[in-house]
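Asker: got a sequence here, can you build the structure:
(one chain, ligands or ions: 2)
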Amino acid sequence: MAEEKEHVGMNKTGVQMSPLETKAMQSDDNIITRVHPGDETQAAVLRQAYIAEGDGLGSIPVPGTMKGMVSMGLNLLKGDKPQILLDKLAERLAMERSATRLYDALLTKLAVMTEGRASINLEQVAAIRGDEARHAVMLAEAIASMGGDPTAMTPSADLVGVEGMGLVQVLNDPRTSLAQSLHALLTAELSDGVGWETLIALADEHEQADMVTQFSLALQQERKHQVMIQTWYEEAVGLSDAARARADHGSTAAARGVVAGMTEMGVGAAPVAPPGSTS
Ligand SMILES: [Fe+2]
Ligand SMILES: [Fe+2]
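Answerer: Ligands and ions are numbered 1, 2, ... in the order given. Okay, here's the model as predicted:
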């Protein structure tokens, strides 16, 4: 197995590999016809017909227990939308379950990728994997506490499952490098952080104080994951310490700008500890 995956090789996918044919193609009198082969109106019309008839990605199940039905009924009478919270809890459960498997796949890779690892180590990756698995259990318990079914595939759970398919493929592809695997994990962690923020705000709106407390702790752990994965990713692509320090400075400034903009717009922050205050 090659440790150096991003190597220079016999890649012939670009036009530079065939300069004569490229020149001939570009001087072809029919080039205009080929570059503008018509518009995509008919394809869009066909898609729009399916969109108009589409009935969504399934539904949120009616609670299968008496307690769940009573709880949902009372909440609906109060004007709440417990089904939205249940759907988002199921979404995060699907994500945490997938994340556990993504880190299992990384551990499998790291067991044989013994060179060029920099500061990444199996113990820390296993600890992150443990966090993800615990988050999944916590979410299943939260769904059950509302009388919901943690095994049900809700629309949002289905959605994140489909979104994550590419990430699973990247991690399980035996050809992908450590840097490529970490890039996929960074995508997952960034999306996960935003997902937890939304879920915490939603739980707060539904006056689920215990959930807000538990989920805020989970979000703190997720932010630590993101920092660790980003650090390992940057090490894996060979970014120097100086360049990383500059990037850190830039992202801190950008984050401050976003927060200032949100304050000006009157947008409140989620009820969680700010980045950097995590233990
Ligand atoms: Fe997670
Ligand atoms: Fe995570």
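Asker: and this structure, which residues reach ligand 1?
Answerer: The chain has residues Glu96, Ala99, Glu132, Asp192 near ligand 1, with proximity defined as C-beta under 5 Å from the ion. Quick note: C-beta positions are derived from backbone N, CA and C, even for glycine.
Asker: with neighbour count and pLDDT added, can I get these in a markdown table?
Answerer: As requested, those are exported to a markdown table (neighbours: other C-beta atoms under 10 Å; pLDDT from 0 to 100):
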| residue | neighbour count | pLDDT |
| --- | --- | --- |
| Glu96 | 25 | 98 |
| Ala99 | 27 | 97 |
| Glu132 | 25 | 98 |
| Asp192 | 25 | 96 |
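Asker: what's the farthest-apart pair in the residues you listed?
Answerer: The most widely separated members of the residues of the chain next to ligand 1, counting by C-beta to C-beta, are Glu132 and Asp192 (8.8 Å).
Asker: what touches both of these two?
Answerer: Both Glu132 and Asp192 are in contact with Glu96, Ala99, where contact means C-beta atoms under 8 Å, 6 or more residues apart in numbering.
Asker: so where do the helices sit in this protein?
Answerer: 19-27, 31-35, 41-53, 66-77, 82-112, 122-145, 155-163, 165-172, 178-205, 209-236, 241-264 (DSSP state H).
Asker: redo those helices as TSV? Include distance to Ser59.
Answerer: Formatted as TSV, the helices of the chain follow (distance: least, C-beta to C-beta, whole Å):
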stretch	distance to Ser59
helix 19-27	51
helix 31-35	45
helix 41-53	17
helix 66-77	14
helix 82-112	9
helix 122-145	16
helix 155-163	7
helix 165-172	22
helix 178-205	19
helix 209-236	23
helix 241-264	34
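Asker: so which of these is nearest ligand 2?
Answerer: helix 209-236 (3.6 Å; C-beta to the ion).
Asker: identify each buried residue in that closest one, please.
Answerer: 211-212, 214-216, 218-226, 228-236 (16 or more other C-beta atoms under 10 Å).
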